[in-house]
Each structure stands twice: as structure tokens, then as C-alpha cells.
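Below: sequence and its predicted model.
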Amino acid sequence: MGHLEFDIAHLLGTMVLVLSFGLLFQRRIFGVLRTFALQASLLAAAAAWQAYVQDAPHLYITAAIALVFKAIVIPVALHRIVIRLQIHRSVETVFGVGLTMIIGVGLVTLSILLVLPVTAQSGAITRENLALALSVVLLGLLMMITRRNAVTQVVGFMSLENGLILAAVGVRGMPFVVEMSVAFSVMVAFIIFGVFFFHIRERFDTLDLHYLETFRGERE
Amino acid sequence: MNPLAFVLGTPVVAGVILGFIPGRYHRIAARLNVLASLVTLASGLTLFEVRPEPNLYFFIDDFNVYLVVLTAFVGFTTSLFSASYIGHEVEIGRLDAPRLRFYHGMYQAFMFSMLLALTANNLGIMWVAVEGATLATALMVSLYQTREAIEAAWKYFILCGVGIALALFGTILMYLAAQPVMGDGAQAMAWLQIMAQIGRFKDPAILNLAFVFLLAGYGTKVGLAPFHAWLPDAHAEGPTPISAVLSGLLLNVALYAVLRFKILLAHTAGAIAPGPLMIGMGLSSLLLATFMLYRRRDIKRMFAYSSIEHMGIITFAFGMGGPLANFAGLLHMTMHSLTKSAIFFSVGHIAQVKGSQKIADIRGLTISHPTLGWTFVIAVLAIAGLPPLGIFMSEFLVVTSTMARQPVLAIPLVLGLLVGFGALILRLQGAAFGEVPTRGHAPIKASLLPVWAHLALVATAGLYIPPQLVAWFRAVATLLG
């Protein structure tokens, strides 16, 4: 693999990671959705680039799924849900944004320290891609933990999933990448549209999970 | 014909058909559900005789064949229970017709994904199947659409979603570890092929990292502490047949996934020993769950904690390793499956006659409903581990093998078992023999046959295990290392 191929793959992976920080930084729900759409399109670009570099045409399907489903359909649908259900437009966080960013930097350091020594025998592109991907996964997890609202939690979950797809496309010759991205997308679609938003709205008049947390299942 | 095609194909076909049967014909749908489960069980049994050739995607070996049959068996008895349970729920208006169509379709989809996870040779397919099972059950937990059910399903989705995401990362790392040895493509993800070449793995570091992710990921689905928070809610708020298959089957399937990777690690030179990690998680689940048992007010929630307890014991046993502890773990897995689903069957009937799941409302069962009451007493005594029933046998083996090899670990183990025993007996006393309340005398119409069938098997296993089964568990125990 030449220098240019490596650099472009690296650049795209890093940009996906930077947008994970962007997700943590956003204070407005529409801003979160736009950032997520951008992250998903960069993921699509990263997958397409790997498809070209590895000469693995099935990865183009993964790229297409990321582009159509995650960068367009889901953000648009969530946007509509937010408007129609009149959900709070600001993002409620558990910690301040500054503290969350510092924790995020710590997580990226952790994943680099974890992945790079372990994968010493793999190719450079795989190693760095994996470190980036694990960082995206951990930042998605952080977002799910520190956000109270159901919409932002789902976005956190999908950005975590972006990290996994990034890892999967970066590993040479990995089979079932397409099936996995389909399985994830189906899951997210079912959860979002099939059940939850409809019923949560119906039962609580709000999508704020804070109200859900009052229930412990042990009420008299 | 390949019997595996029937095992996997029947639930798919039945699921599609059931998805199209209108809800007002729910009695026919329930019968069809039973019939499909019976066909699956019958074709599962033929796997003992005709073992299909393994390929890159599917395989049957000593380990998974017995889990396939166990899954198909409990799936069949649960479908029998479900038919009478759902009939009653429709009568009292708790469920309406359109949701029943969904319920029956999803039941078969769930059975399919579990059987797929068990028979998959390809680790990627196994992951997709576990993910599918998560999706199907999350939807079924929310079936009643009450506030509690939706919260339970949401918690389940968020926690298990993260869990399976971590498991996927572990699977990717696993491929990365296998790829230099096995070459690109599907064979670097096929368990049998990796196992055959495991001696050539020279770089255990990635394998170690992969196992940590896989244990945390699939461990979430097993309900191991500290990732167990979804389990009690999902069991308590979903329909009772789903609680029975969740406890009896899905937890086993997730543990099976962990064990497949444990076998790989155990055969790699220089890899971390998976034992201590599993022992730690198993013991903490056991202790946490048994102390939590005392403060439960909801009967299904209480038995959900008891499932965490038993999964803890099983994980502990496999973590100890060695022929005896593995044997005990396999036996306990089987016994727990049968007993816990029997308990949920009877709890389902109890909740229906009493009109409540609260322990405070369930009293004096042996007086108001003698048959149901005494059946429940036997089932709870079985799960509490009273001799001569099957669970006692397997717990006894776990304890003795621990005593022989790591006497110090036997202290927390026995403590946990005793605390759990105490809690269950305490609760049982009130529920079975307490004062009979004024309400809740509705006669039961349901058949207790599935419960009795399970309890008969458990009681038999406590006294006599056929030598073929012993030989077989021994072979699997050796494989588990």
C-alpha cells in the first residue's frame, strides 16, 4: 500500500473521530443530528476508500448503507420526530461539556495505549484504524452515558456503531461486514420507528428519560 | 436431507406464516406455534443420529447438539404454556388481536435466532444471531406497552445494544488475530477451522484483548454482574412465556458464545487464563443476586435475580475448568434451564389466578389451589437446591470440585448458595402456606403438563443420569479445557 492510500484512509478515520468530539460538544439537538449525518457520510467515504484500496467491492455496499441510511434517512426522520413531538431543542447533559471533552481525550489516549502495543504485528493502517475506531466506540459510549434524552442516546448508540463499522472495514478481508451493518441498521430502525418513540410519546408526553428513571420497578 | 435445514428452516417458515395470521384467529396461531416448535424439536432430535458435515458456516459437535435439543425442547414446552397463557390474557383484555400476530411471529423469530447462534460455525453469523435474538426479545418485552414494560425494553435495548457492540469489536479483533494464520476471508472466522490451527497462533496479545471485549459483551447478555441491570426488568415486565425462554434459553446461548471463545483461548499458548476473569464475574453475580433476593416484592423479578445467581454459579464452574467443574457447569446449565422455565410457567399461572405479580398478594397457594400450589413448592425447592433434585446434584459437584482445588473460593460460593436458599425458602413459606387472602380464588384452567414434564426430568436427573449422557458430558467437559 502506497503512502497516499494510507494517508487518505488515516485522514478519513481521524475526521470520523473528530466528529465524535463534535457530537459531545453540541448543545442543540439539531446540531447533534447534523454532526451525526456528517460523521456517517465520512464513514461512508472511509468505507468506500477501503473498498477501493483493498479491491473489495462488497465494502461499497457498506458505504452505501452508511450514506443512505445513516447519513440521510435516520437524521431526517429524527429531525421530524423532534419537531412533531415538540421535544426540548437543547441537549441536557449530566456533566458540563468541558468535563465531558476532557474525559473524551482520556478515552482516546486509553484506546491508543491499548491497541497499538497489542497489534504490533499487524500492518500500520490496520493498527491506527483500529485505535481510531476504538476511540469512536468509547466516545459513543460516553455520549450514551452523559446524555439524558432518548434521541441523543440513540445518536450516541449509532455513533458507537460507526466506530465498529470503521474497525470492520479497516481489517483486511473481513467477511460479513455488510451483514453486520445491515443487522445494526435493522436494529436501530426497529427500535426507533417500530416501538419506542411512538409509545414513549404516547405514555409520557415527553422523550426525556429522566422521567423514566424515577421508576425502579419495585413500587408498592 | 440435512436435518439442520429443518431445525433452522421450520422456525423461519412458521414465523412468516404466523406473521400473516390475523389476530382474531389467535387460537389457531397458538396451535400452529406449538406444532412448529414440535417439528423443530423432532428435527433437533435427529441430529443425534445424523450429524451433518460441517462447513464454513454451520457445524454440529458434541457441545452444541445438546444445547440445540435443550433449546428446542424448552421452546416446545413454552409454546404449550404460551397457548394457555395468551388465551387467558386475551380473555381479560390485557392483549389485543394485532399484537398477538406480532407475538407469535416474533416467538418463532426468536427461536430461529437462538438456534442459529448455537449452530453457527462462523463467529460473525453467531454475532448476528445473538443480535437478532436481542432485537426479537426487546420487542416482546414491550408487548404490554405499559410504562414499566417500555422502560424495561428501553433499558434492555440500551444495555444489551452496548453489550453486543462490544462483542462485535471483540469478534473483529478475533478475526484480526486469526487472519495472519488462516488467510483472508470466511475461514479466518470459522470456529472449527481456527480451532484446528490454534497451535500456530503465535501472538496471543490480540486474542487476550478480544476475549476481554467478548466476555464483557456477551457477558452482558448472560446477565453477569456488573452488567446485569437489564435482566430483572426485562423478566418482570414482559409476558411470562418470554421470561421463561429468556431465563431458560437466551442466557445459555450467550454463555455458549463466551465458552466457544474460552475454548480457543485455553488452547493458545501464552494467552491469559480466562478462568480467573470468569470466576470473578461468576462469584460477584452470585453474591449480588442472592442478597438482592431478600428485598424483592415482585415474584417474577425475584426469580429473575435467581437466574442471575445461577448464571453466576455456571460461569464460576466453567471458570474453574477441569473435567469435574466443567461437567458440573454443563449439568447445571441444563438443570437450571428446565427448572427455571418450569418456575416461570407456574408463576405465570399463579399471577393469572391471583391477578397480581406482587409477592404480598400471593399467599396460601397450597390451600386455595392445591395442585398449582404444591407444584410451585416442588419447583422452588428444586431451584433452591434441595436434594434429591437435579440442581442439588450439580451444585454439589461445583462445591466439591472447588473444595478439592481452591478451598478458599468455596467459602464465598457456599455462602452465596446458603443466602439464596434462605431467601427462596422464606418467600416460599408465605406464598405457599400463608393465610389465604379473600380475593384471588379464580380456578385455573391451564394445563400444568409442561411444568410437570420439566420437574420430572429434573427429579430424574437428581437420582439417575443415563450413562450415555454422562459419557457425553465428559467428552464436552474435556473439550472445554
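Everything's here; your move.

Now do the contacts for residue 58.
Because you didn't say which chain, this covers chain A. A:51, A:177, A:178 (Cβ atoms under 8 Å, 6 or more residues apart in numbering or on different chains). (Each C-beta comes from the backbone N, C-alpha and C, glycine too.)

hm, I was asking about chain B
Residue B:58 makes contacts with B:4, B:52, B:119, B:120, B:121, as judged by Cβ under 8 Å, 6+ apart.

Kindly recompute the last result at 7 Å.
For residue B:58, the residues meeting the contact criterion (Cβ atoms under 7 Å, 6 or more residues apart in numbering or on different chains) are B:4, B:119, B:120, B:121.

and if you look at residue B:160?
Contacts here follow Cβ under 7 Å, 6+ apart; on that basis residue B:160 touches B:134, B:220, B:221, B:230.

Over to the residue of chain A at minimum distance from chain B. Which of the three states is it?
Using Cβ to the nearest Cβ, residue A:173 is the residue of chain A that sits closest to chain B, at 2.9 Å. Put simply, residue A:173 is coil when judged by DSSP: H, G, I helix; E, B strand; the rest coil.

Need the pLDDT of it.
Reading off the confidence values, residue A:173 has pLDDT 78.

and it, how far is that from residue B:413?
As judged by Cβ to Cβ, to the nearest Å, residue A:173 and residue B:413 stand 45 Å apart.

which of these two has more neighbours?
A direct count of neighbours by other Cβ atoms under 10 Å in any protein chain shown for residue A:173 and residue B:413 places residue B:413 higher, at 25 against 14.

by contact count, what packs against the lengthiest helix in chain A?
Ranked by residue count, the top helix of chain A under DSSP state H comes out as helix A:29-54. If contacts are counted by 3 or more Cβ pairs under 7 Å, 6 or more residues apart in numbering or on different chains; DSSP states H and E, helix A:29-54 sits against helix A:3-25, helix A:58-65, helix A:74-84, helix A:150-170.

circling back to that earlier point, between the contacts of residue B:58, which is nearest chain A?
Within the set of these, residue B:120 lies nearest chain A; the separation is 10.8 Å, counting by Cβ to the nearest Cβ.

what about the closest residue to that closest one other than its chain neighbours, helix or strand, and which?
Distances taken as Cβ to Cβ, 6 or more residues apart in numbering or on different chains put residue B:126 closest to residue B:120, at 4.2 Å, once the chain neighbours are dropped. Residue B:126 is part of helix B:123-141 when elements are defined by DSSP states H and E.

Pretty sure residue A:122 sits in a strand.
No - judged by three-state DSSP, residue A:122 forms no part of a strand; its state is coil.

hang on, isn't residue B:262 packed against residue B:273?
No - under the criterion of Cβ atoms under 7 Å, residue B:262 is not in contact with residue B:273, lying 9.9 Å apart.

Neighbour count: the two, which is higher?
Counting neighbours by other Cβ under 10 Å for residue B:262 and for residue B:273 shows that residue B:262 has the greater number, 24 against 13.

residues contacting the more buried one?
The contact partners of residue B:262, taken as Cβ under 7 Å, 6+ apart, are B:274, B:318.

Roughly how far does it sit from residue B:211?
Between residue B:262 and residue B:211 the distance is 8 Å, computed by Cβ to Cβ.

Common neighbours of the two, please.
Common neighbours of residue B:262 and residue B:211, using Cβ under 7 Å, 6+ apart, are residue B:274.

Name the residues of chain B found near chain A, please.
Chain B has residues B:124, B:128, B:131-132, B:135, B:139, B:142, B:145, B:147-148, B:150-151, B:154, B:157-158, B:161-162, B:165, B:168-169, B:172, B:175-176, B:179-180, B:184-186, B:189, B:203, B:205-206, B:209, B:232-233, B:236, B:297-298, B:301 near chain A, with proximity defined as Cβ under 7 Å from any Cβ of the partner chain.

Out of the residues you listed, which end up buried?
The neighbour count (16 or more other Cβ atoms under 10 Å in any protein chain shown) marks B:124, B:128, B:131-132, B:135, B:139, B:142, B:147-148, B:150-151, B:154, B:157-158, B:161-162, B:165, B:168-169, B:172, B:175-176, B:179, B:186, B:189, B:203, B:205-206, B:209, B:232-233, B:236, B:298, B:301 as buried among the residues of chain B next to chain A.

What about the residues you listed, which are in strands?
The subset of those located in strands under the criterion DSSP state E is empty.

What about those residues, which are in helices?
If you go by DSSP H, these have B:124, B:128, B:131-132, B:135, B:139, B:147-148, B:150-151, B:154, B:157-158, B:161-162, B:165, B:168-169, B:172, B:175-176, B:179, B:205-206, B:209, B:232-233, B:236, B:301 in helices.

confidence score at residue B:55?
Predicted confidence (pLDDT) for residue B:55: 86.

burial of it, as a residue count?
Residues within reach of residue B:55, counting by other Cβ under 10 Å, total 12.

and it, helix, strand or coil?
coil.

Distance of it relative to residue B:179?
To residue B:179, residue B:55 is 20 Å away according to Cβ to Cβ.

Ok, residue B:188 next?
Note on residue B:188: its distance to residue B:179, by Cβ to Cβ, is 5 Å.

Show me the residue at the heart of chain A, geometrically.
If you average the C-alpha coordinates of chain A and look for the closest C-alpha using Cα atoms, centre = their mean, you land on residue A:159, 0.6 Å from that point.

and the closest residue to residue B:173 other than its chain neighbours, how far is that from residue B:101?
Here the nearest residue to residue B:173 in space, its sequence neighbours aside, is residue B:210; by Cβ to Cβ, 6+ apart that works out to 3.7 Å. The spacing between residue B:210 and residue B:101, counted by Cβ to Cβ, is 41 Å.
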